[in-house]
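Visitor: Sharing a model that was predicted from the sequence below.
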Amino acid sequence: MTQRSALGPTAVFATSLVIFGTIGLVRRAIDLPSAFIAASRGVIGAATIALIVVAMRRSVARGFDWPFVRANWKLLAFSGIALGLNWAWLFQAYQYTTIATAQLMLYMGPIFVIVLSPFLLHERLSGFKVACVVVAFVGLLLVSVFNTAVPATENPNHLLGVFNGLLAACGYTSVVIATKKLKPTSSDGTIDPYTNTVAQLVFCSVVLIPYSLLVDDWFAPGVLTFTPKTVFFLALICVVFTGVNYIFFFGPVPHLSAQTIAVLSYLDPAVALTVSAVFLHEPLGVAGAIGAVLIIGAAVVSEITPVRKL
């Protein structure tokens, strides 16, 4: 692949990650329960992606790999539920602590995958990978416990935000592991990312709608209040940040190297940290900044290191 031919896909992929990095800012503008937002994101996001894919491929039958869904529906259901919970926990973390802290907790997800990979994916855990895990956990402690810029005395919900962020990371880990176990059914041995994503979002919605209805009590006074501002930002997070942006995210992937994808993926937390500092004036502090470098650095290095099977 020449540099010129890769420029278009690289720019589109990078743009999608920049958009993902601002989702915390948009979440702060929506005065609705986190589980309700996640459920709405699943329903509207799935519908948006499906409409775009059908329009691109000009056929419902050709638009999606139905044999793949039938063969993998249990894993797709599990990963879809995990994805929805990942969203709900992350959105709640944004409400309890700074966007930077919540996002950094989410990016412990790749580290959790490394820890579980020998047991669930039969991948060798090298000494180098173990070092990455240790470094990331040191960063976690610096961001969450030893970060004097976000003292628990001034924000008693900070540690609750950290906890929700780590739960979101567990959801991410579950999605990654389940996705790695999916079995392709196409003749070329590939998995259509749009089919995979729409199926996950549908299962996500099926679970999160009753969950949100039960936990958030939709019919209680004042729980679901739809002002023009709320409707606008909810539509933005569902249609643009999920539907359209997932097309931007998955479309370029076949044209990019694995290392390019791994490195560019960390534009997301970098943008989130910038948004947190510049637009919301949320403190990160020296310990938090060092922790951020350790977490992101360990995750990036671990992802670009070749994986060996046991």
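Guide: Perfect, thanks for sending it.
Visitor: Below-threshold pLDDT in the chain: ranges please.
Guide: Along the chain, the parts satisfying pLDDT under 70 run over 1-7, 58-62, 150-155, 306-310.
Visitor: any idea which helix is longest in it?
Guide: helix 66-96 (DSSP state H).
Visitor: who does that helix touch, helix- and strand-wise?
Guide: For helix 66-96, the packing partners by 3 or more CB pairs under 8 Å, 6 or more residues apart in numbering; DSSP states H and E come out as helix 23-28, helix 34-57, helix 99-106, helix 158-180, helix 193-216. Backbone N, C-alpha and C define where each C-beta goes, glycine included.
Visitor: Centre-most residue in the protein?
Guide: residue 172 (6.4 Å; CA atoms, centre = their mean).
Visitor: Leaving aside the residues adjacent along the chain, what's closest to that residue?
Guide: Excluding the flanking residues, the one nearest residue 172 by CB to CB, 6 or more residues apart in numbering is residue 109, at 3.4 Å.
Visitor: just checking, the one you found touches residue 176?
Guide: Yes. Counting by CB atoms under 8 Å, residue 176 is a contact partner of residue 109 at 7.1 Å.
Visitor: Check which residues of the helix or strand hosting residue 230 are buried.
Guide: According to DSSP states H and E, residue 230 maps onto helix 228-235. Neighbour-count burial for helix 228-235 flags 233, 234 (criterion: 16 or more other CB atoms under 10 Å).
Visitor: mind listing what residue 147 touches?
Guide: 101, 284, 285, 287, 288, 291 (CB atoms under 8 Å, 6 or more residues apart in numbering).
Visitor: so which of these is the most crowded?
Guide: In terms of neighbour count, residue 101 stands highest of these at 30 neighbours, by other CB atoms under 10 Å.
Visitor: Could you pull up the residues touching that residue?
Guide: Here residue 101 is in contact with 93, 143, 144, 147, 150, 158, 161, 162, 165, 288 (CB under 8 Å, 6+ apart).
Visitor: The helices and strands packed on helix 66-96 into JSON lines, with extra columns for distance to residue 259?
Guide: Output for the helices and strands packed on helix 66-96, formatted as JSON lines (distance: least, CB to CB, whole Å):
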{"stretch": "helix 23-28", "distance to residue 259": "25"}
{"stretch": "helix 34-57", "distance to residue 259": "27"}
{"stretch": "helix 99-106", "distance to residue 259": "22"}
{"stretch": "helix 158-180", "distance to residue 259": "17"}
{"stretch": "helix 193-216", "distance to residue 259": "19"}
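Visitor: Residue 130: which of those is closest?
Guide: Comparing those by their distance to residue 130 (CB to CB), the top pick is helix 158-180, with 17.2 Å.
Visitor: Could you tell me how far that closest one lies from the centre of the chain?
Guide: Offset of helix 158-180 from its chain centre (CA atoms, centre = their mean, to the nearest Å): 9 Å.
Visitor: where does residue 25 sit relative to residue 271, distance-wise?
Guide: Distance of residue 25 to residue 271, given as CB to CB, to the nearest Å: 10 Å.
Visitor: With neighbour numbers in mind, choose between those two.
Guide: Higher neighbour count among residue 25 and residue 271: residue 271, with 20 against 17, using other CB under 10 Å.
Visitor: May I see the buried residues of the helix or strand harbouring the more buried one?
Guide: For residue 271, the element it lies in under DSSP H and E is helix 267-278. Of the residues in helix 267-278, 267, 268, 269, 271, 272, 273, 275, 276, 277 count as buried by neighbour count, 16+ other CB under 10 Å.
Visitor: In terms of secondary structure, what does that helix contact?
Guide: helix 3-21, helix 23-28, helix 99-106, helix 285-303.
Visitor: got these as JSON lines, with distance to residue 232 columns?
Guide: Below are the helices and strands packed on helix 267-278 laid out as JSON lines (distance: least, CB to CB, whole Å):
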{"stretch": "helix 3-21", "distance to residue 232": "16"}
{"stretch": "helix 23-28", "distance to residue 232": "10"}
{"stretch": "helix 99-106", "distance to residue 232": "20"}
{"stretch": "helix 285-303", "distance to residue 232": "31"}
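Visitor: Which one of those helices lies nearest to residue 124?
Guide: For residue 124, the closest of these is helix 285-303, at 12.9 Å, according to CB to CB.
Visitor: orientation of the closest one relative to helix 99-106 in degrees?
Guide: Orientation note: helix 285-303 sits at an angle of 30 degrees relative to helix 99-106 (axes from the mean of the first three to the mean of the last three CA atoms, to 10 degrees).
Visitor: what helices or strands is helix 285-303 leaning on?
Guide: Against helix 285-303 (3+ CB pairs under 8 Å, 6+ apart) you get helix 99-106, helix 109-120, helix 127-144, helix 258-264, helix 267-278.
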